[in-house]
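In: my questions concern the predicted model and sequence given below.
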2 protein chains.
Amino acid sequence: MEEIITLDYGSGGLRTSQLIESILVPAFHNPTLEDLGDGAVLPTMDGPLVYSTDSFVVTPWRFPGGDIGKLAVCGTVNDVCMAGGQPKYLSLSFIIEEGFLMEDFKTIVNSIATTAQLAGVQIVTGDTKVVERGKGDGIYINTSGVGPQRAAGLSRKAIRPGDAVLVSGSVGCHGAAVLMARGEIPFAGELLSDCRPLHQLSAAALEAGGVRILRDPTRGGVATTLNEFVEGSALTIELEEDAIPVDPAVAAACDLLGLDPLYSACEGRMLAVVSPGQADAVLDALHQTSGGEHAAMIGRVTESRPGHVVLRTALGGSRILGKLTGVQLPRIC
Amino acid sequence: MEEIITLDYGSGGLRTSQLIESILVPAFHNPTLEDLGDGAVLPTMDGPLVYSTDSFVVTPWRFPGGDIGKLAVCGTVNDVCMAGGQPKYLSLSFIIEEGFLMEDFKTIVNSIATTAQLAGVQIVTGDTKVVERGKGDGIYINTSGVGPQRAAGLSRKAIRPGDAVLVSGSVGCHGAAVLMARGEIPFAGELLSDCRPLHQLSAAALEAGGVRILRDPTRGGVATTLNEFVEGSALTIELEEDAIPVDPAVAAACDLLGLDPLYSACEGRMLAVVSPGQADAVLDALHQTSGGEHAAMIGRVTESRPGHVVLRTALGGSRILGKLTGVQLPRIC
């Protein structure tokens, strides 16, 4: 193996086989992948399936609390979970820029393997392309994921006035951590990305019952995601600023940059809208699940300002939170 | 909409929604996609599934006979078919370089929609990222695909001495067409990529029976793919040079560049190893199916040179065809 990734490794020939056989198959070892066909054969899964994909272009590829490999697993695992599925199988595809260090590639592959194990998913099929220097930015990763449906009918259409809005933990950590890794924050506190798989938290919420919709607030943050829940509807989401958990380091970092944590991406937090009668049960279930210790009820669904998200501030005022416009944080995921 | 793709369109905010709602959803209209959740819910599919992924980085994005959109659908559809599946659902993910023309993006999206319809698959979930100028090369596309298994047990392990080796049409057209689009061939003949979905040809072959393994010879071409069938085994594939269909324009183009059509990529051709008793039936079935009119039996499985592919030349000699080494054609798909 060479010390850097050269164009050969994406040729589909001998070098590509070497990369697959000496790095990828050993890292992800499972019988489905080892067959090395053009596609994987998945065992029968009963009932409807949930299916999702994301490409990851985060820069830099390593950040406090994770790297692009961990992110690529969590991002797709979480999308499948949020859509009501139990993720079981992932595809994995690399676009690597010529000159990327083999050592860094191995680090990323190990991170993918570790996170996949944590999330209970298998990498079963993949692809590797290499592009010339200057035609990429180190490494881009695509994953897709599939698994059986755990809960049907999760939809914004299920949301009703009186419902509670819950979040599984403090908001905006991932975006702030990536900015710190870029050196845009002159500050080296305890700022870690929240990047983590949400399979256990989503299962706990769904088991407690009454869940209308789940979503992880990635690009565009909590404010943008909540807007997607109510836009064009007769409903309003009213948030209580005081109730929203924000890590002090994230608040400080955002303050320095003139950013709002409510628009900063999370990669391991879950928003849930829950029927009024079940809200406490879901909150309890989250509190008892790893990663949900700081879950909070942050607002309610009303009809006061149809189609809008309103923030009631600590000082008693209120303001409308729109969707993210422009680019607050490019290439955060 | 702006005339070029800006970073905003990948922000996850307002511009991203515009792109999805005004271009992507109308092009791919289907109820699963229109729900716009974090993932798609797929109807129950009985039995095992076949699942595959590929990223596409072809340059230039448009070439004679196709473009990156058509290629992105065919590539994954064909991988699912070759692994014995009937492709039904695709995911679609873009990595677009800032400054890419909106008009070109729409052209590609339309090409994806047309090819998906031709191949009988639905685009059900997707993602769009935008990277800064100089961090990509126009547009990269990832697709993954899933569908029910049509045939079990397709594997190199099923190949036996005496089996016939078939190809569904002339070889190496895609690689040559891309080189022509790059201006590397001073020649403008009737050279078109073979890019096409193989769902009908693979179904026809499987229905005729006796198929040991299917594979589409993409990167590395026919020679590399056939090597993968026998490497490390006690078997040999003996090819008859005279029997291999090569388009005269492809032969001329490869000759000019000192390339070998047997290492040039196909994106719409199928290699099949078939039991001796069924070879004629499979060949007949291919001849009667659109895209298989020029299918041919090109060789046999023997034990003469274990683990190798041997070419018997028109002049009566023979030479060993190894796997592709080095980069004959970077970014051909």
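Out: Arrived safely. Numbers count the residues shown, from 1 in each chain, chains lettered A, B, ... in the order given.
In: okay, CA-based contacts and neighbour counts for the rest of this
Out: Fine.
In: output the contacting helices and strands for the helix of greatest length in chain A.
Out: Under DSSP state H, the helix in chain A containing the largest number of residues is helix A:102-119. For helix A:102-119, the elements it packs on are helix A:25-28, helix A:68-82, judged by 3 or more Cα pairs under 8 Å, 6 or more residues apart in numbering or on different chains; DSSP states H and E.
In: could those be laid out in JSON lines, adding distance to chain B, mean neighbour count and mean pLDDT?
Out: Shown next, in JSON lines, are the helices and strands packed on helix A:102-119 (distance: least, Cα to the nearest Cα, whole Å; neighbours: other Cα atoms under 10 Å in any protein chain shown; pLDDT from 0 to 100):
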{"stretch": "helix A:25-28", "distance to chain B": "16", "mean neighbour count": "17", "mean pLDDT": "94"}
{"stretch": "helix A:68-82", "distance to chain B": "5", "mean neighbour count": "29", "mean pLDDT": "98"}
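In: residue A:40 touches residue A:32, doesn't it?
Out: Yes - in this structure residue A:40 lies within contact range of residue A:32 using Cα atoms under 8 Å: 6.0 Å.
In: joint contacts of those two?
Out: residue A:124 (Cα atoms under 8 Å, 6 or more residues apart in numbering or on different chains).
In: the more surrounded of the two?
Out: Counted by other Cα atoms under 10 Å in any protein chain shown, residue A:40 and residue A:32 do not tie: residue A:40 has more neighbours, with 29 against 17.
In: quick one: the more buried one from chain B, how far?
Out: 5 Å (Cα to the nearest Cα, to the nearest Å).
In: how about that residue, what does it touch?
Out: A:32, A:33, A:124, A:125, B:50, B:51, B:52, B:83.
In: helix, strand, or coil at the residue nearest to it when sequence neighbours are not counted?
Out: Of all residues not flanking residue A:40 in the chain, residue B:51 sits nearest, at 5.1 Å (Cα to Cα, 6 or more residues apart in numbering or on different chains). Judged by DSSP: H, G, I helix; E, B strand; the rest coil, the three-state class of residue B:51 is strand.
In: just residue A:169 next, same as before
Out: When classified by three-state DSSP, residue A:169 comes out as coil.
In: before we move on, back to that, do you know the pLDDT at the residue nearest to residue A:40?
Out: On pLDDT, residue B:51 comes in at 97.
In: show me the beta-bridge partners of it.
Out: Taking DSSP bridges as the rule, residue B:51 bridges to residue A:40, residue B:146.
In: next, give phi and psi for residue A:278.
Out: Backbone torsions for residue A:278, taken as degrees, to the nearest 10, come to phi -110, psi 0.
In: what is the burial count for it?
Out: 17.
In: and residue A:189, by the same measure?
Out: Counted with other Cα under 10 Å, the neighbours of residue A:189 add up to 11.
In: pretty sure it contacts residue A:249?
Out: Yes - the criterion here is Cα under 8 Å, and residue A:189 meets it with residue A:249 at 6.7 Å.
In: where exactly do the helices run in chain A?
Out: Shown for chain A, the helices assigned by DSSP H span residues A:14-19, A:25-28, A:31-34, A:68-82, A:102-119, A:173-181, A:199-208, A:221-230, A:248-257, A:279-287.
In: on that earlier part again, can I assume the residue nearest to residue A:40 is in contact with residue B:143?
Out: No - shown here, residue B:51 and residue B:143 do not form a contact pair, counting by Cα under 8 Å, at 10.9 Å.
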